[in-house]
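J.: structure for the following, please:
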Amino acid sequence: MMEREAAVGLRVFCAFIVCTVGLLTGCTSTSISSYRDPAYAQTSYSSFVIVAGLPRVSAQGYLESELARLLSERGIDAIRGVDILPPTREYDPESITQALRESGAEAVLLVELSEFRTVGTYFPPTYHTRGIVSTEEDVALVDDISSTPPEDCFRPGGGRPAYVNLTTTQTGGGTVVSPVADYRIAVMDVGTGDRIWMADATTEGRADSSRDDMADSLAAEIVNELVKSHMLASEF
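T.: Now for the predicted structure:
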């Protein structure tokens, strides 16, 4: 009886650990919704300049590089914004427009971080109670007094328990903090300066997600949404 109860307790504990680890280390995810100007319903582009408005230069360069890589895989020419608009310099609107036109790209893909925050998720602890059940005839050790009637721990014919000595331990529990970032995305026609496509995206990370993990998820969903919106001229 004791062996069966111990085996059941071990399986439950292992399942709890697997579930918790999955919640803590699961991959990042991005949700996105977009709108396309109906006046440009038939317009698509084969080249982009990618400009990421992020507070850190390293984050800007990484996201622009990842978007350029994914667009290139679909036959789209992509130029990073940091390569034609170095962040070490200051620009006025005229110089920005000139740099974009001189790049030869047909459109600009703008990605701007609108909000970054953290969200806490509470996971309740698990309590494990162990104890010694004793009678005048026998002694038994049980792993969970609350789920195991003490009298069931004895061999047939054993006496009723005289006392129970309990020890309770706590496993897990606490608040896990995860990053969440909101973005505004737009495509602008270089020739006309019109904004023809826009989207809002939210990327949710996990406790161990890095900034690069979140950028990878965001970039993949942006390109997928551009494909769904038929914004790319060379779609595979």
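J.: only C-alpha atoms from now on, for both contacts and neighbour counts.
T.: Noted.
J.: the chain: strands as residue ranges?
T.: Using DSSP state E, the strands assigned to the chain run over residues 29-36, 47-53, 77-80, 107-123, 126-134, 139-142, 163-171, 174-189, 195-204.
J.: looking at these, which has the lowest confidence?
T.: For the strands of the chain, the weakest mean pLDDT is recorded on strand 139-142, namely a mean of 65.
J.: residue 186 pairs with what?
T.: According to DSSP bridges, residue 110, residue 198 are recorded as the beta-bridge partners of residue 186.
J.: distance of it from residue 220?
T.: In this structure, residue 186 and residue 220 are separated by 15 Å, where distance is defined by CA to CA, to the nearest Å.
J.: one more: residue 231?
T.: According to CA to CA, residue 231 stands 15 Å off from residue 220.
J.: give me the residue at the spatial middle of the protein.
T.: residue 28 (1.9 Å; CA atoms, centre = their mean).
J.: separation between that residue and residue 205?
T.: Residue 28 is 4 Å from residue 205, where distance means CA to CA.
J.: what do the two both touch?
T.: Contact with both residue 28 and residue 205 is made by residues 213-214, according to CA atoms under 8 Å, 6 or more residues apart in numbering.
J.: quick revisit: what sits against the residue nearest to the centre of the chain?
T.: Going by CA under 8 Å, 6+ apart, residue 28 touches 203-206, 209, 213-214, 217.
J.: repeat that for residue 117.
T.: Applying CA under 8 Å, 6+ apart to residue 117 gives the contacts 179-181.
J.: what number of residues are in the vicinity of the nearest residue to residue 53 once chain neighbours are set aside?
T.: Among residues not flanking residue 53 along the chain, residue 112 sits closest, at 4.5 Å (CA to CA, 6 or more residues apart in numbering). Each residue near residue 112 was counted by other CA atoms under 10 Å, and the total is 17.
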